[in-house]
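J.: need coordinates for the following:
(one chain, ligands or ions: 1)
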Amino acid sequence: MCGIVGYIGFQDCSFLLLDALKRLEYRGYDSAGIAVIKGGAIEYRRCQGKLYQLEALLRERPVKGNVGIGHTRWATHGAPSEINAHPHVVGPVAIVHNGIIENYLDLKEELQQQGAKFSSQTDTEVIAQLIAYFLQEGIFLEEAVRKTINKLEGSFALAILCAQEPNRLIAVRKESPLIIGLGEGEYLIASDAPALLPYTKKVVFMNDGEMAILSSEGIELKSFSGQPLSFQPVVLPWTPLMAEKAGYKHFMQKEIFEQPRAIADTVRSRVDLERGKVFFEEFCLSLEELKEIEKIWIVACGTSWHAGLVGKYMLEKLCRIPVEVDLGSEFRYRDPIINEKMLLILISQSGETADTLAALKEGKAKGAKTLGICNVLGSTLARECDHVIYTHAGPEIGVASTKAFTTQLSVLYLLAVYFASLLGKLTTEECKAYLSDLLKSPGLIDNILKQSEEIERLAPEYSKAEDFLYLGRDIYFPIALEGALKLKEISYIHAEAYAAGEMKHGPIALIDENMPVVVLAPQGKTYPKVLSNMEEVRSRKGKIIALTELGCEKISEKARDIIYIPSTSNPFLKAILLTIPLQLLAYYIAVFRGTDVDQPRNLAKSVTVE
Ligand code: AGP
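T.: A predicted model of the protein is given here:
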């Protein structure tokens, strides 16, 4: 997704904007640019390619100013090129945009009939042309922007400069996220928190339909109709370092190794082991409210959808409430059978995924109670759900989700125990046992991470494969799905996951000596079945990488390589533990193949458009 930054204050801001953009690189982009106001004129530099190229341009032809905007573009309309790069400048106006203007062609035609000359193929230029048009009509900037945004359809986060009003920086938010940073005598805006952290942790999350007018005197927040609005700054619990790589080779590697702390931070403050109780600071349901819930829907996308599939097993097993899991992109168009007697849980690391937010809107329109499980404080999902439970994973920069996933599983685990305890489905002792297991998970994950070099040694051989098959049963099938997604999205090796019992219904035709098969084979009720699935693979010369528990020695006759996890009788805990070797396997294979692990091709960290 595109990245937006803006600054107004006392500093010369061109390289500050560049530095802030570098902290948004993980969002994926193909061109970049900045614009500043100097001596009553807009000066801008932009280029196709990466930020180091923009930096070279700025060093060669510096621009100076104390109010400016910057942008990293992920092309949606118009190929990546200098002319389509942001900022777009029309007369005295410079603008950067994240989102999609759905009616831009009609507006463009209208403007061209009035004599406007367009230089790019972007939807964004239409916005700059409209503002310039209203300014020419003698309208001041704030009103010119308001008139413009009320003509737009679609999603847009905007940062706007005007040479005629150099002490103004205007920010606009509709569907695409935007955050305001409150410094000492200086103000910033950004698409995401990491860009602000080195300058301030005090922020205001803009809501949909809000416009902010920033000046050296302060901030005004208004609705699109001009209504002044109050706002409540929050202090982000993150340090700039947390958003940096901290010595790891990639953000993804750092975030895999952060999981013990991330899970501990997500779980510890919510568990009273003495009493076998779970507390959510931001969410609680009475027994009466819980008894009214006839069905739970879980809706999400990608890795978060995999977390939802695992959550189904946890919630149904402990609470005996039917759970249906759906993809955001499907749910939103399915005319789902959902009503006020149902709880809709939406899972999203970013809290800005368009399909998940659309599912939220659909569920709310049909009266469902809504609960968000989210990693970004103040994100759209967090603010628009009836209730929210935050994962405390810290900023997840790598496009491939890792610590967000295992903290989502931890929250779903806590939620299942919380509901089961409230409903009397678990005794206090049983709750204590479940919670004690979950509290052990950070230490157990540390043990698995100590095997990372052994897993890394598998990379050279398996990185040559063109296809992978992942097999799992029961609660481990969604974990197999997650393992396959990790591999395919960062190494570009085709990988698919199947319920192991399904193999004979088709996928077994794929098995040969060139097909590595990753099999999740922990002890438990399905273990004997999985062993026979492994036999089926082995007899067709398939190369098996088995993930199993210490003590499952029989498996060594069937697998070419074995990765062990600490032994436990708790399937929920095993699901979390099995995720770690799969993340490491995908990571090391991708590193060996030399792909861009943190910013895989074609991918974005947060898919804020459909
Ligand atoms: C996972 O590794 C991917 N980056 C992607 O599938 C991601 O999980 C999906 O886009 C959902 O994102 P969200 O959790 O921020 O909603």
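J.: contacts only, for residue 132.
T.: 90-93 (C-beta atoms under 8 Å, 6 or more residues apart in numbering). Bear in mind the C-beta positions are built from the backbone N, C-alpha and C, glycine included.
J.: most neighbours, which of these?
T.: With neighbours defined as other C-beta atoms under 10 Å, the most crowded of the contacts of residue 132 is residue 93; it has 28 neighbours.
J.: report the beta-bridge partners for it.
T.: residue 90, residue 162 (DSSP bridges).
J.: contacting residues around it?
T.: By C-beta under 8 Å, 6+ apart, the neighbours of residue 93 are 42, 128, 131-132, 135, 160-163.
J.: just the pLDDT at the closest residue to the ligand within the chain, thanks.
T.: As assessed by C-beta to the nearest ligand atom, the ligand sits closest to residue 302 within the chain, at 1.9 Å. Note on residue 302: pLDDT of 98.
J.: ok, it touching residue 400?
T.: No - if you go by C-beta atoms under 8 Å, residue 302 and residue 400 don't touch, sitting 9.7 Å apart.
J.: the more surrounded of those two?
T.: residue 400 (29 against 23).
J.: beta partners for residue 374?
T.: residue 348, residue 390.
J.: contact residues of the stretch 351-500 of the chain facing the ligand?
T.: Within the stretch 351-500 of the chain, the positions adjacent to the ligand are 353, 356, 399-401, 489 by C-beta under 6 Å from any ligand atom.
J.: put together CSV for these, with pLDDT and secondary structure on each row.
T.: Output for these, formatted as CSV (pLDDT from 0 to 100; DSSP: H, G, I helix; E, B strand; the rest coil):
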residue, pLDDT, secondary structure
353, 95, coil
356, 97, helix
399, 94, coil
400, 97, coil
401, 98, coil
489, 97, helix
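J.: buried among those? Need that as a selection in ChimeraX.
T.: Here is the ChimeraX command that selects only those of those that count as buried (16 or more other C-beta atoms under 10 Å):
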select :353,356,399,400,401,489
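J.: what's the closest of the residues of the stretch 351-500 of the chain next to the ligand to residue 437?
T.: Nearest to residue 437 out of those is residue 401 (C-beta to C-beta; 23.5 Å).
J.: surely the closest one and residue 349 touch.
T.: Yes - using C-beta under 8 Å, residue 401 is in contact with residue 349, at 5.6 Å.
J.: between the two, which contacts overlap?
T.: 303-304.
J.: in CSV: the contacts of residue 132, plus distance to residue 548.
T.: As requested, those are exported to CSV (distance: C-beta to C-beta, whole Å):
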residue, distance to residue 548
90, 63
91, 67
92, 67
93, 62
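J.: and the residues you listed near the ligand, which?
T.: When the contacts of residue 132 are checked against the ligand using C-beta under 6 Å from any ligand atom, none falls in range.
J.: between those residues, which is nearest residue 21?
T.: For the contacts of residue 132, the nearest to residue 21 is residue 93 (20.5 Å; C-beta to C-beta).
J.: quick one: residue 524 is in a strand?
T.: No - read with DSSP: H, G, I helix; E, B strand; the rest coil, residue 524 is coil and lies in no strand.
J.: list the contacts of the closest residue to it other than its chain neighbours.
T.: In this structure, residue 524 finds its nearest non-sequential neighbour in residue 571, 6.0 Å apart by C-beta to C-beta, 6 or more residues apart in numbering. Residues in contact with residue 571 (C-beta under 8 Å, 6+ apart) are 313, 474-476, 522, 524.
J.: okay, those residues in CSV with pLDDT and neighbour count next?
T.: Below are the contacts of residue 571 laid out as CSV (pLDDT from 0 to 100; neighbours: other C-beta atoms under 10 Å):
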residue, pLDDT, neighbour count
313, 98, 20
474, 97, 20
475, 98, 23
476, 98, 29
522, 96, 27
524, 92, 17
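J.: now render those as CSV, adding distance to residue 297.
T.: Shown next, in CSV, are the contacts of residue 571 (distance: C-beta to C-beta, whole Å):
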residue, distance to residue 297
313, 15
474, 21
475, 19
476, 23
522, 28
524, 27
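J.: farthest pair in these?
T.: Top of the distance list for the contacts of residue 571 (C-beta to C-beta): 313 and 522, 13.5 Å.
J.: on that earlier part again, relative to residue 322, how far out is the residue nearest to residue 524?
T.: Remark: distance between residue 571 and residue 322 (C-beta to C-beta, to the nearest Å) = 19 Å.
J.: residue closest to the middle of this structure?
T.: Geometric centre of the chain, nearest residue: residue 350, 3.6 Å, by C-alpha atoms, centre = their mean.
J.: hmm, residue 605 and that residue touching each other?
T.: Yes - judged on C-beta under 8 Å, residue 350 makes contact with residue 605 at a distance of 6.9 Å.
J.: run through the bridge partners of residue 155.
T.: Where residue 155 sits in a bridge, its partners, by DSSP bridges, are residue 100.
J.: one more: residue 46?
T.: residue 33.
J.: ok, now which ones touch it?
T.: So residue 46 contacts 31-34, 54, 71, 82, 85-87 (C-beta under 8 Å, 6+ apart).
J.: give me the buried entries from those residues.
T.: 31-34, 54, 71, 85-87.
J.: helices or strands next to the helix or strand encompassing residue 564 in the packing?
T.: Element membership for residue 564 (DSSP states H and E) is strand 561-565. Counting contacts by 3 or more C-beta pairs under 8 Å, 6 or more residues apart in numbering; DSSP states H and E, strand 561-565 is packed against strand 543-549, helix 571-593.
J.: just the mean pLDDT for the last one, thanks.
T.: What it means is helix 571-593. pLDDT averaged over helix 571-593 gives 98.
J.: and that helix, how far out from the chain middle?
T.: Counting by C-alpha atoms, centre = their mean, to the nearest Å, helix 571-593 is centred 19 Å from the centre of its parent chain.
J.: got the angle for it vs strand 561-565?
T.: Angular relation of helix 571-593 and strand 561-565 on a 0 to 180 degree scale: 130 degrees, by axes from the mean of the first three to the mean of the last three C-alpha atoms, to 10 degrees.
J.: only alpha carbons, please: show helix 571-593 as PDB.
T.: Coordinates of each C-alpha in helix 571-593 appear next as PDB, following Å, rounded to 0.1, in the frame of the first residue of the first chain:
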ATOM      1  CA  PRO A 571      -3.500 -29.600  21.200                       C
ATOM      2  CA  PHE A 572      -4.100 -25.800  21.400                       C
ATOM      3  CA  LEU A 573      -0.600 -25.300  22.700                       C
ATOM      4  CA  LYS A 574       0.800 -27.700  20.100                       C
ATOM      5  CA  ALA A 575      -0.800 -25.600  17.300                       C
ATOM      6  CA  ILE A 576       1.000 -22.500  18.500                       C
ATOM      7  CA  LEU A 577       4.300 -24.400  18.900                       C
ATOM      8  CA  LEU A 578       4.200 -26.100  15.500                       C
ATOM      9  CA  THR A 579       3.800 -22.700  13.800                       C
ATOM     10  CA  ILE A 580       7.400 -21.700  14.800                       C
ATOM     11  CA  PRO A 581       9.400 -24.300  12.800                       C
ATOM     12  CA  LEU A 582       7.100 -23.600   9.800                       C
ATOM     13  CA  GLN A 583       7.900 -19.900  10.000                       C
ATOM     14  CA  LEU A 584      11.700 -20.600  10.300                       C
ATOM     15  CA  LEU A 585      11.600 -23.200   7.400                       C
ATOM     16  CA  ALA A 586      10.000 -20.700   5.100                       C
ATOM     17  CA  TYR A 587      12.300 -17.900   6.200                       C
ATOM     18  CA  TYR A 588      15.500 -19.800   5.700                       C
ATOM     19  CA  ILE A 589      14.500 -21.200   2.400                       C
ATOM     20  CA  ALA A 590      13.500 -17.700   1.200                       C
ATOM     21  CA  VAL A 591      16.800 -16.200   2.400                       C
ATOM     22  CA  PHE A 592      18.700 -19.000   0.600                       C
ATOM     23  CA  ARG A 593      16.800 -18.200  -2.600                       C
END
